[in-house]
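A.B. asks: Okay, predicted coordinates and the sequence, questions at the end:
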Amino acid sequence: MNDLTGLELLGLVCLAFLVGGGTLTLAAMRGSFRARAPTTRRTPLELAAPVLRITSEGHVEATPEARALLGVGEEVALRRDALLAGLKAGRDALETALTRLVAKGAAFREVVETRDGRILEASGAPLGIDVSVTLHDQTCLWRRLDAAERRADAAERALADLAAAREAAGLVAWRAGDTEYGAAALDPHVRAALEAAAETLDTVGARERVIVEPQSDSAEAVYAVIAARGGLFVALDDSSALSAERSMSRFVDTISETFAHLKVGLMIFDAERRLSLFNPVISTLCDDDTEWLARRPRLRDLLDRMRRARALPEQPDYAAWRARLLGRVGAEIAAPIEETWHLPDGRTLIANFRPHLAGGLAFVLEDVTDTLALRRINAIERAARDATTEMLEEGIAVFGPDGRLRMANGAFRRLWGFEDGALRAGDHVDGVIAACRAASGPHPFWEEMKGAAAGGLERRATAESVELKNGGFLSARVSPMPDGATLAVFSDVTASERVAAALKERNEALEQTEEMRGALVDQISHQMRTPLNSIFGFGQLLEDGRIGPLNARQADYVRGIVASSGDLIEAIDAMADLISVGADARRESRSFFNPAVVAREAAALAERRTGRSVGDVEIVNDDTQEETSGHRARFRQIVFNMAMDALEKTSLGGRIKLSVWSEGRDVLLECSHEIVEELVEQGVALTLVRRFARLDGGEVKVGRGPDGRRVVRCRITADDTMNNGREHLTEALAQRARAG
């Protein structure tokens with residue numbers, strides 16, 4: 001206290017006088033909180049007070065007063081977790097205190113806030129094996145505390161203002177009335193001018209500049225008089241600010257003359273966003289109303305005027321757009337803001353907002369309509385040129401009159417094996433030719449290309465065929481261009497050079513293969529059919545009784561021999577079809593057949609092969625009885641092998657469902673059956689099904705149905721587009737090779 005000055009001591013006394021009551025109340029109340037402590041253990045039934053009893057299982061018993069404070073009705077059952085969840089503040093501290101009370105029997109006192117804004121004091125104490133919590137409504141008391149603290153804070157801020165005014169060293173300060181001046185040596189002439197200015201300031205923060213004319217040999221005095229709190233007035237030396245403003249005024253006059261000749265629109269707004277400076281271009285955007293602009297309109301009014309002159313972009317909600325723009329530039333901005341405005345008359349303006357001196361705003365409008373049009377045309381032409389050259393299969397390279405590469409498309413890089421980044425615009429023709437010669441070897445064409453691209457005396461078109469080291473062939477052409485540039489074009493003609501030889505070799509190989517397969521089929525048929533026909537014919541003679549009568553046992557033997565021979569003949573026929581299908585795939589003709597009839601025949605053959613009863617196989621045709629065009633033998637093999645695959649993977653007595661139907665020009669086969677255990681999906685029969693289906697452009701899928709049954713589905717294209725298309729292509733290539 002001894003170190004306090006008189007003014008500081010006076011401030012502390014005033015603070016104590018202003019907030020004494022609230023402070024004493026706060027101290028007394030806080031003291032009462034420390035003095036109160038739970039001393040007795042009473043059950044909720046013995047108290048007419050807000051008391052909670054919390055059992056070890058977490059159940060809560062509450063008196064009516066406690067329920068009223070918590071806002072819970074009598075019919076609602078309480079638990080500890082629900083009680084804590086209903087609090088807005090102090091929940092974690094209360095939960096920790098309850099845990100310590102249950103675990104260690106430690107009494108507590110905590111302040112919590114309910115969701116409806118009540119301030120409650122909760123006091124907890126042990127109650128046998130349970131605990132009790134007493135609630136006290138301290139809402140009014142805490143509100144009084146809060147009001148007292150706010151009054152204390154206000155008093156402290158007032159004291160700080162008083163001290164700051166007193167400690168403002170180097171400033172001229174005085175109090176209205178009889179208070180003596182702090183700077184007694186101030187010139188009376190200056191003092192009178194400052195007093196006159198102070199009388200006009202009636203609000204805190206008001207400011208007035210006073211310019212005192214010089215007397216005799218003294219200089220001009222400039223002060224800024226500011227009204228402070230407590231009836232104080234502060235006078236600051238404002239000569240530097242005035243000098244800066246005058247310099248700024250001269251600078252503005254200078255740049256105004258300069259800006260008058262600019263082709264861009266320029267506007268300068270002050271801190272209040274009033275127009276301070278503009279050049280003639282702006283008047284053309286405001287209906288040439290220079291007089292209206294000279295009245296210093298606000299930015300908001302200027303935007304409205306420009307809208308009427310159709311110098312702003314059309315907006316669905318102009319008011320919202322203007323509010324957004326003013327929100328961005330209405331206050332002091334830290335960084336430039338640029339927008340592109342497309343006007344209704346087709347013009348395009350670039351609006352640039354930049355921060356200016358003293359919180360001002362510089363607004364620049366530039367008409368870029370012609371520039372954007374030229375850029376757009378140039379970009380379209382460049383994009384069209386690049387897209388066209390990139391889509392070409394020929395490799396293209398353009399060299400300028402100086403022999404430098406201007407552009408090369410992707411095909412050129414691919415043909416000559418240039419990696420990404422290895423070929424760049426500006427590379428000399430010598431380096432490009434060296435890389436190309438390394439891939440092709442020496443050729444006279446390279447010297448002609450170098451002479452044409454490097455500005456030789458004779459520039460003429462040249463075309464050659466260049467063979468690559470990898471065996472390929474390129475058609476190379478060089479053509480001069482009107483602007484002195486040179487165009488080099490390279491086309492890959494390897495396929496056309498080799499197609500004749502390749503087709504000839506392939507046809508010879510196919511013919512040899514077909515001859516070998518035909519010979520194999522003939523040999524198998526001859527070697528197996530000859531003895532089999534003898535057995536079959538002799539059995540028929542015996543069965544007909546031409547040789548003599550047979551007893552019952554002999555007749556059974558003969559019938560078995562004839563039936564087995566017939567089955568073996570059918571097996572040989574099927575094997576012959578299987579071997580010859582691939583060989584005759586290109587020449588096999590299509591015919592019209594009924595898929596359902598062929599499917600029944602193939603299924604019956606599979607039944608005879610496996611010895612299953614007819615009831616094991618069910619044909620569902622789905623009312624599809626129309627004939628379709630296709631390969632009957634292939635279709636029969638597909639159905640037969642699908643049935644054989646299903647019979648092999650199904651136990652005796654298992655049910656097999658074979659379905660055939662049409663979808664447009666396609667024929668679909670589906671075979672579903674039960675399986676005893678997990679089997680390998682790929683088998684010989686299924687492999688044959690896939691092979692035959694591919695020959696007809698079909699596909700095979702194997703999966704599981706909703707009932708868990710194994711399902712094999714085959715789709716066959718019922719037209720000859722694929723095979724005939726391949727024949728047409730082969731014939732066309734052969735004709736081209738013969739012609740070329």
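C.D. replies: That came in fine, so what should we check first? Since this is a predicted model, take the numbers as computed values, not measurements. Numbers count the residues shown, from 1 in each chain.
A.B. asks: domain parsing for the chain?
C.D. replies: 9-146, 171-237, 243-367, 375-492, 493-589, 591-719 (automatic domain parsing).
A.B. asks: and the nearest residue to residue 540 once chain neighbours are set aside, what does it touch?
C.D. replies: Leaving aside its sequence neighbours, residue 540 sits nearest to residue 562 (Cβ to Cβ, 6 or more residues apart in numbering; 6.1 Å). C-beta: built from backbone N, CA, C; applies to glycine. Neighbouring residues of residue 562 by Cβ atoms under 8 Å, 6 or more residues apart in numbering: 536, 539-540, 543.
A.B. asks: who wins for most neighbours among the residues you listed?
C.D. replies: Greatest neighbour count in those, by other Cβ atoms under 10 Å, goes to residue 539: 20 neighbours.
A.B. asks: residue ranges of the strands in the stretch 201-350 of the chain, please?
C.D. replies: 207-212, 221-227, 232-237, 265-269, 275-278, 337-342, 348-355 (DSSP state E, counting those that start in this stretch).
A.B. asks: Just checking the distance from the fifth one to the centre of its chain.
C.D. replies: Taking Cα atoms, centre = their mean, to the nearest Å, the mean C-alpha location of strand 275-278 is offset from the chain mean by 45 Å.
A.B. asks: how many neighbours does residue 611 have?
C.D. replies: 9.
A.B. asks: Below-threshold pLDDT in the stretch 201-350 of the chain: ranges please.
C.D. replies: Low-confidence segments of the stretch 201-350 of the chain, defined by pLDDT under 70: 215-219, 228-232.
A.B. asks: could the domains of the chain be laid out in a markdown table, adding distance to residue 152?
C.D. replies: Below are the domains of the chain laid out as a markdown table (distance: least, Cβ to Cβ, whole Å):
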| stretch | distance to residue 152 |
| --- | --- |
| domain 9-146 | 4 |
| domain 171-237 | 18 |
| domain 243-367 | 35 |
| domain 375-492 | 68 |
| domain 493-589 | 97 |
| domain 591-719 | 80 |
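A.B. asks: Just name the most buried of those domains.
C.D. replies: domain 591-719 (a mean of 17; mean count of other Cβ atoms under 10 Å).
A.B. asks: How far does stretch 204-221 stretch from one end to the other?
C.D. replies: 24 Å (Cα to Cα, to the nearest Å).
A.B. asks: what residues does that stretch touch?
C.D. replies: 187, 189-190, 193-194, 197-198, 200-201, 222-229, 235, 238-239, 242.
A.B. asks: who does the strand or helix carrying residue 134 touch, helix- and strand-wise?
C.D. replies: Element membership of residue 134, judged by DSSP states H and E, is strand 130-137. Where contact means 3 or more Cβ pairs under 8 Å, 6 or more residues apart in numbering; DSSP states H and E, strand 130-137 is packed against strand 51-54, helix 64-70, helix 91-104, strand 119-127.
A.B. asks: Output the contacting helices and strands for the third one.
C.D. replies: Helix 91-104 is packed against helix 80-85, strand 108-114, strand 119-127, strand 130-137, with contacts defined by 3+ Cβ pairs under 8 Å, 6+ apart.
A.B. asks: Now render the ones you listed as CSV, adding mean pLDDT and distance to residue 426.
C.D. replies: Compiled in CSV, the helices and strands packed on helix 91-104 are given as follows (pLDDT from 0 to 100; distance: least, Cβ to Cβ, whole Å):
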stretch, mean pLDDT, distance to residue 426
helix 80-85, 71, 74
strand 108-114, 83, 76
strand 119-127, 81, 80
strand 130-137, 80, 86
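A.B. asks: Doesn't residue 470 belong to a strand?
C.D. replies: No: counting by DSSP: H, G, I helix; E, B strand; the rest coil, residue 470 falls outside a strand, being coil.
A.B. asks: and it, how far is that from residue 422?
C.D. replies: Noted for residue 470: a distance of 18 Å to residue 422, by Cβ to Cβ, to the nearest Å.
A.B. asks: do residue 288 as well
C.D. replies: Taking Cβ to Cβ, one finds residue 288 at 61 Å from residue 422.
A.B. asks: about what we covered before: send the alpha carbons of the strand holding residue 134 over as PDB?
C.D. replies: Coordinates of the C-alpha atoms in strand 130-137 are reproduced here as PDB (Å, rounded to 0.1, in the frame of the first residue of the first chain):
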ATOM      1  CA  ASP A 130     -26.000 -46.800   0.400                       C
ATOM      2  CA  VAL A 131     -25.300 -43.100   0.000                       C
ATOM      3  CA  SER A 132     -27.500 -40.000   0.300                       C
ATOM      4  CA  VAL A 133     -27.300 -36.800  -1.700                       C
ATOM      5  CA  THR A 134     -28.900 -33.600  -0.500                       C
ATOM      6  CA  LEU A 135     -29.800 -30.900  -3.100                       C
ATOM      7  CA  HIS A 136     -30.000 -27.200  -2.400                       C
ATOM      8  CA  ASP A 137     -31.300 -24.700  -5.000                       C
END
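A.B. asks: That one pairs with which strands, and in what direction?
C.D. replies: strand 51-54 (antiparallel), strand 119-127 (antiparallel) (DSSP bridges).
A.B. asks: can you redo those strands as CSV with distance to residue 299?
C.D. replies: Putting the strands paired with strand 130-137 into CSV (distance: least, Cβ to Cβ, whole Å) gives the following:
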stretch, distance to residue 299
strand 51-54, 64
strand 119-127, 50
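A.B. asks: what about those, which gets the closest to residue 557?
C.D. replies: Smallest distance to residue 557 across the strands paired with strand 130-137 (Cβ to Cβ): 100.7 Å, for strand 51-54.
A.B. asks: Checking my notes, the residue nearest to residue 540 in a helix, right?
C.D. replies: Yes: looking at residue 562 with three-state DSSP, it is inside a helix.
A.B. asks: before we move on, back to that, so which of the strands of the stretch 201-350 of the chain gets nearest residue 551?
C.D. replies: Short answer: strand 337-342, nearest of these by Cβ to Cβ, at 110.1 Å.
A.B. asks: Show me what the closest one is packed against.
C.D. replies: By 3+ Cβ pairs under 8 Å, 6+ apart, strand 337-342 packs against strand 348-355.
A.B. asks: which element follows the strand it packs on toward the C-terminus?
C.D. replies: By DSSP H and E, the next helix or strand past strand 348-355 is strand 361-367.
A.B. asks: show me what contacts the nearest residue to residue 346 once chain neighbours are set aside?
C.D. replies: Of all residues not flanking residue 346 in the chain, residue 369 sits nearest, at 7.1 Å (Cβ to Cβ, 6+ apart). Residues near residue 369 by Cβ under 8 Å, 6+ apart: 346-348.
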